[in-house]
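Student: I'd like to go over a predicted model; first the sequence, then the structure.
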Amino acid sequence: MNIIVLVKQVPDTAEVKINRETNTLIRDGVPSIINPYDRYAIEEALRLREKHGGKVTAVTMGPPQAAEALKETVSLGVDDVVLLSDRAFAGADTWATSYALSQGIRKVGEYDLVIAGKQAIDGDTAQVGPETADMLGIPFVAYIRKIEQIEGRKMIAERLMDEGYDVVETSLPALITVVKEINEPRVPSLKGKMKAKNLKVTAWTAKDIGADEEKIGLKGSPTQVVRIFPPAPRGQREILSGSIEDQVATVAKKLKEQSLI
């Protein structure tokens, strides 16, 4: 079973700060990590390989330093990695990113399943998974919490919903996004770390994957981020006590004092 897992290198949100003058993220000195949700995708891909045999390939798009994220996937047990890196990819929104990823996946070759985390913590759009599936022309199922069965060219899985879950069946190849309930990600092995340390990651350019220049990077992006800003600070809070009647009277008094009623 040939499985492709999509990963993204993201800034550690615990360390992220915003430049209040430019309304952009300050990335200098901020450590990068594998998108946490993608770790569950990696783990599920490895478990499926252990059960069904085959190969797991990790694919990411990003600057040259994104190779470090790919090396980490190798330390976890991934067989092969693909880095899509080209200045022409810069400024890509989710649509242009999905196009580049779909072209990269086509170049990788035959596959049975593509797995990704449900969303990235830096953008939180959850759009790349379904858009990539659409561009590949394959079925898409989101929020998978358990893969029950893979037999022949079909897969049965549980999809997390607001209240409970659905049992769904899809033909393969397909692209799925997974939630954290699906598994518990493993830690790197010593053997894996040694393999990753000596790994040389080769980058594929836009030309290598046969990408249309009009569909990548800023030029191929129908949307753009205008600005990024922190949430407004919360106002002061007061917890009222006493009877319901007393609390209502207190609220009414405060609203009148502020000319709100």
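Tutor: Cool, the structure landed.

Student: where do the strands sit along the stretch 151-261 of the chain?
Tutor: 154-161, 164-171, 174-178, 203-204 (DSSP state E, counting those that start in this stretch).

Student: Tabulate those strands (JSON lines), appending distance to I115, mean neighbour count and mean pLDDT.
Tutor: No exception for glycine: its C-beta is placed from N, CA and C like everyone else's. Listed next are the strands of the stretch 151-261 of the chain as JSON lines, based on distance: least, CB to CB, whole Å; neighbours: other CB atoms under 10 Å; pLDDT from 0 to 100:
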{"stretch": "strand 154-161", "distance to I115": "11", "mean neighbour count": "17", "mean pLDDT": "97"}
{"stretch": "strand 164-171", "distance to I115": "13", "mean neighbour count": "13", "mean pLDDT": "96"}
{"stretch": "strand 174-178", "distance to I115": "6", "mean neighbour count": "26", "mean pLDDT": "98"}
{"stretch": "strand 203-204", "distance to I115": "20", "mean neighbour count": "18", "mean pLDDT": "96"}
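
Student: Just put those strands in JSON lines and tack on distance to G129.
Tutor: Listed next are the strands of the stretch 151-261 of the chain as JSON lines, based on distance: least, CB to CB, whole Å:
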{"stretch": "strand 154-161", "distance to G129": "13"}
{"stretch": "strand 164-171", "distance to G129": "14"}
{"stretch": "strand 174-178", "distance to G129": "4"}
{"stretch": "strand 203-204", "distance to G129": "21"}
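
Student: So which of those is nearest Y37?
Tutor: With CB to CB, the closest approach to Y37 among these belongs to strand 174-178: 7.5 Å.

Student: tell me, how many neighbours does A232 end up with?
Tutor: Counted with other CB atoms under 10 Å, residues neighbouring A232 total 6.

Student: what do you get for the one 5 residues further on?
Tutor: Residue neighbour count, defined by other CB under 10 Å, stands at 5 for R237.

Student: Could you report the distance from it to I261?
Tutor: 20 Å (CB to CB, to the nearest Å).

Student: swap in M135?
Tutor: Separation of M135 from I261 (CB to CB): 54 Å.

Student: Give me the more crowded residue out of the two.
Tutor: More neighbours surround M135 than the other of M135 and I261, with 19 against 10 (other CB under 10 Å).

Student: Tell me if that one really is in a helix.
Tutor: Yes. Under DSSP: H, G, I helix; E, B strand; the rest coil, M135 sits within a helix.

Student: can I assume it is in contact with A96?
Tutor: No. M135 is not in contact with A96 according to CB atoms under 8 Å; the separation is 10.7 Å.
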